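> I'll drop the sequence and a predicted model, then ask my questions.
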Amino acid sequence: MERREEQPGAAGAGAAPALDFTVENVEKALHQLYYDPNIENKNLAQKWLMQAQVSPQAWHFSWQLLQPDKVPEIQYFGASALHIKISRYWSDIPTDQYESLKAQLFTQITRFASGSKIVLTRLCVALASLALSMMPDAWPCAVADMVRLFQAEDSPVDGQGRCLALLELLTVLPEEFQTSRLPQYRKGLVRASLAVECGAVFPLLEQLLQQPSSPSCVRQKVLKCFSSWVQLEVPLQDCEALIQAAFAALQDSELFDSSVEAIVNAISQPDSQRYVNTLLKLIPLVLGLQEQLRQAVQNGDMETSHGICRIAVALGENHSRALLDQVEHWQSFLALVNMIMFCTGIPGHYPVNETTSSLTLTFWYTLQDDILSFEAEKQAVYQQVYRPVYFQLVDVLLHKAQFPSDEEYGFWSSDEKEQFRIYRVDISDTLMYVYEMLGAELLSNLYDKLGRLLTSSEEPYSWQHTEALLYGFQSIAETIDVNYSDVVPGLIGLIPRISISNVQLADTVMFTIGALSEWLADHPVMINSVLPLVLHALGNPELSVSSVSTLKKICRECKYDLPPYAANIVAVSQDVLMKQIHKTSQCMWLMQALGFLLSALQVEEILKNLHSLISPYIQQLEKLAEEIPNPSNKLAIVHILGLLSNLFTTLDVSHHEDDHEGPELRKLPVPQGPNPVVVVLQQVFQLIQKVLSKWLNDAQVVEAVCAIFEKSVKTLLDDFAPMVPQLCEMLGRMYSTIPQASALDLTRQLVHIFAHEPAHFPPIEALFLLVTSVTLTLFQQGPRDHPDIVDSFMQLLAQALKRKPDLFLCERLDVKAVFQCAVLALKFPEAPTVKASCGFFTELLPRCGEVESVGKVVQEDGRMLLIAVLEAIGGQASRSLMDCFADILFALNKHCFSLLSMWIKEALQPPGFPSARLSPEQKDTFSQQILRERVNKRRVKEMVKEFTLLCRGLHGTDYTADY
């Protein structure tokens, strides 16, 4: 084996002088890439080879690498290098060399027609790229020339080899067009030229496909070629003969897959709906496949049934509107719909016995949308025809949604079970959509079936059938308002009669009850019919997700009707929590459910229940607080703190409106006496401080502590007021010892809710000044390791300016240092941090006039801010952040116009700033545009986007077409 330093990859990428891009060195690098076991050497070789491919020498070594004595891997690299040079560096090729290059490529393709297929394909792609670059002016009849040249009899290659090489070339030509980097105007010209050229291709393809003597390999290649060409949006009527030939080829098992692909691609072209007569001719061809489909299903041939289904769905889904419009042909279209129904209800369980039915679901959406889009009179006619079809669809879907037998399901892999779960979700979405067409009659239909099933004494019913019907109900009730349905009371009455002997059935019963929770809130007398079932299910770990989420929904929607059941709900919940039946996330949901439940009780009742509910956890926390920190007691602490914060998230005795995001928070009258949450927090405050003292170094524990107070503040709003002084003091101590982002986020919450109230301003001001001072010190030590803290700090500063600008009036606040740190934060690589810093400046700049210290610092250091913004726009920051930087420019222009007009001219003066790609005229235009626009922020954003593209050398490229 060669020593590392002698290898071309290493030399090409290392500090040693780069090796020349010669044939010998390329071959050595390729050997290293393919056979060297050292991954680092492989990477170095690959990097060097990529440089070689784009080098000027590639024109020389590529042809030599194609010599017959080279192995296919080397020949392949030579062909790939030619393609890269032609496709990416076309402008480097002198026009007088076009013909010789073309001739050389034809020669090589002819030679490889009987050689390596992978090399042949790359050479065809290279010639296709050359043809696309020369069309239509320099090579007007490119495709016709290709056909003529390969049909010439004087070639040394046999007829079949030439034929396959020509078909390969014709196949890759449209594919290369789709992925080419041609400018938009050229793309249109070339597309038009290719559309004309298909006249030279299709007759040849038809002849080869219909010729009895054509070998199977040729016919397969013909179908692939046709499939490639139809994606150029060739008129469907021009494809008619080939489509019919492809249908005939479906009978040949070797050609089946290629035929399906060709037919589906042809039918699916967006333009094909204009050719209604051709579409009508296709319906009998598709219907003619029904016998082949039935045979395939009977024989368990999943590939054939899948392919035929794809064809039927492609025709129905892409053209249902056009075919529905042909009223005189309604019966043939209905026959196609029934064929697709057969595919939807194909026997067997998805995905183990069949994978076809899932393909059909979007067709039913499309057909329904098209029917409901007609004017009333026409719609009524189609409703009459298709309502029965959709009722049949519901039966089919519910049958397909049924679980297999327990024994069979036990043999399924976890992946198959997950695919089946997703499939059932798709069925659920379809049923919900179908409700729009069938309305309340659908619910009545499901209820009648379920009633007959549960009350029939003739034969025992399968749990699978019951589960599927309930699943149908649940699918609709989850998203559709069923409060006015007259069958829901009967359904609620039937649920307790269901013999639940199976986890899947029990899960669906739970989810169905949860879906009906809003209905139960309007009909509280029925709560007692289902609540015992839910409480019983809480004790089963296999029903953890369904039972806990259902109880949470009931407690949220029906809380004012639950006081009679509260003691029982709390007792059962407490029992399952103590037994640790549920996973962490379900325990958190359960605590939220109890928070909703307790919110509707009297304060004394709440306190009594809270005492019994959380006392065991407080005792456990006291014990843990005494222990030496270790990973296992950390988990227990975080779990307990999580339970408390989730309980306090929803325990809201004042029933505040949940609109914390609004500009003003709505406050409702507070009940007399202290808030129960505040009472509990005050009782455990010392304990939490004790826990913190040992775990201050641990971000997860600190976060969990902050979460308790943050969620309580959000829920309680003004009721939290008694806790403000001691919480501010604790936060200050925490942050002074070890700064953490979660403490800043909680500080921001306190500023948001309490800073504007005079009574709470002093402790909040003191906390704000303290965390600012500590964070500024952190900046002096190097903030790059703490982007989360910088992010939260910037958000805190912005919130302070928004809610209480007086916080910036204090003499002890170093506004200049804050400003400079925020400018530094604009240069962080983390997008959220940069966004937060921009948010701070857009809040700060409008305060220039009203806060003297802010006005002064902007006057002194505003130019530094502008330079940072221009550097970011010039390419230092991600393009996705340009709107944020545009906001700063807009604020500067609006509030500091005279300063900006002076700074921007000075800043853009130095050559190469903010980008070497800019001319002085472009910089001048940009500064004038910005200074002129002081009203329309959207326009400023557009200017910045345009300017950043110029700075990055991307303006006018396809790469930024959608930017």
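Structure's in. What do you need?

> which other helices and strands contact whichever helix or strand H31 is part of?
Using DSSP states H and E, H31 falls within helix 23-35. Contacting helix 23-35 under the criterion 3 or more CB pairs under 8 Å, 6 or more residues apart in numbering; DSSP states H and E are the following elements: helix 8-13, helix 39-54, helix 58-65, helix 72-88. (C-beta placed from N, C-alpha, C; glycine too.)

> can you tell me the average pLDDT over it?
This predicted structure assigns helix 23-35 an average pLDDT of 92.

> thinking again about what came up before, with mean pLDDT and distance to P351 added, can I get the helices and strands packed on helix 23-35 in TSV?
Written out in TSV, the entries for these read as follows (pLDDT from 0 to 100; distance: least, CB to CB, whole Å):
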stretch	mean pLDDT	distance to P351
helix 8-13	40	45
helix 39-54	91	37
helix 58-65	92	46
helix 72-88	93	37
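
> wait, which of these is closest to G451?
Closest approach to G451 among the helices and strands packed on helix 23-35 is made by helix 39-54 (66.2 Å; CB to CB).

> Centre of the chain to the closest one, how far?
What separates the centre of helix 39-54 from the centre of its chain is 34 Å, taken as CA atoms, centre = their mean, to the nearest Å.

> The helices and strands packed on helix 23-35: which one's closest to I118?
I118 sits nearest to helix 72-88 of all the helices and strands packed on helix 23-35, at 5.6 Å, using CB to CB.

> CA atoms of the closest one as PDB?
As requested, C-alpha coordinates have been extracted for helix 72-88 and formatted as PDB (Å, rounded to 0.1, in the frame of the first residue of the first chain):
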ATOM      1  CA  PRO A  72     -15.200   0.800 -15.700                       C
ATOM      2  CA  GLU A  73     -14.700   2.900 -12.400                       C
ATOM      3  CA  ILE A  74     -12.000   4.900 -14.100                       C
ATOM      4  CA  GLN A  75     -14.000   5.200 -17.400                       C
ATOM      5  CA  TYR A  76     -17.000   6.300 -15.400                       C
ATOM      6  CA  PHE A  77     -15.000   9.100 -13.700                       C
ATOM      7  CA  GLY A  78     -13.900  10.300 -17.200                       C
ATOM      8  CA  ALA A  79     -17.500  10.400 -18.500                       C
ATOM      9  CA  SER A  80     -18.700  12.200 -15.300                       C
ATOM     10  CA  ALA A  81     -15.900  14.800 -15.700                       C
ATOM     11  CA  LEU A  82     -17.000  15.500 -19.300                       C
ATOM     12  CA  HIS A  83     -20.600  15.900 -18.100                       C
ATOM     13  CA  ILE A  84     -19.600  18.400 -15.400                       C
ATOM     14  CA  LYS A  85     -17.500  20.400 -17.800                       C
ATOM     15  CA  ILE A  86     -20.200  20.600 -20.400                       C
ATOM     16  CA  SER A  87     -23.100  21.300 -18.000                       C
ATOM     17  CA  ARG A  88     -21.400  23.800 -15.700                       C
END
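
> before we move on, back to that, could you dump the helices and strands packed on helix 23-35 into a markdown table with distance to V680 and mean neighbour count added?
Shown next, in a markdown table, are those (distance: least, CB to CB, whole Å; neighbours: other CB atoms under 10 Å):
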| stretch | distance to V680 | mean neighbour count |
| --- | --- | --- |
| helix 8-13 | 64 | 22 |
| helix 39-54 | 58 | 17 |
| helix 58-65 | 75 | 19 |
| helix 72-88 | 68 | 22 |
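
> I would like the residues contacting stretch 76-87, please.
26, 30, 49, 52-54, 58-59, 61-66, 70, 92-93, 101, 105, 108, 116, 118-119, 122-123, 125-126, 129-130, 133, 176, 180-181 (CB atoms under 8 Å, 6 or more residues apart in numbering).
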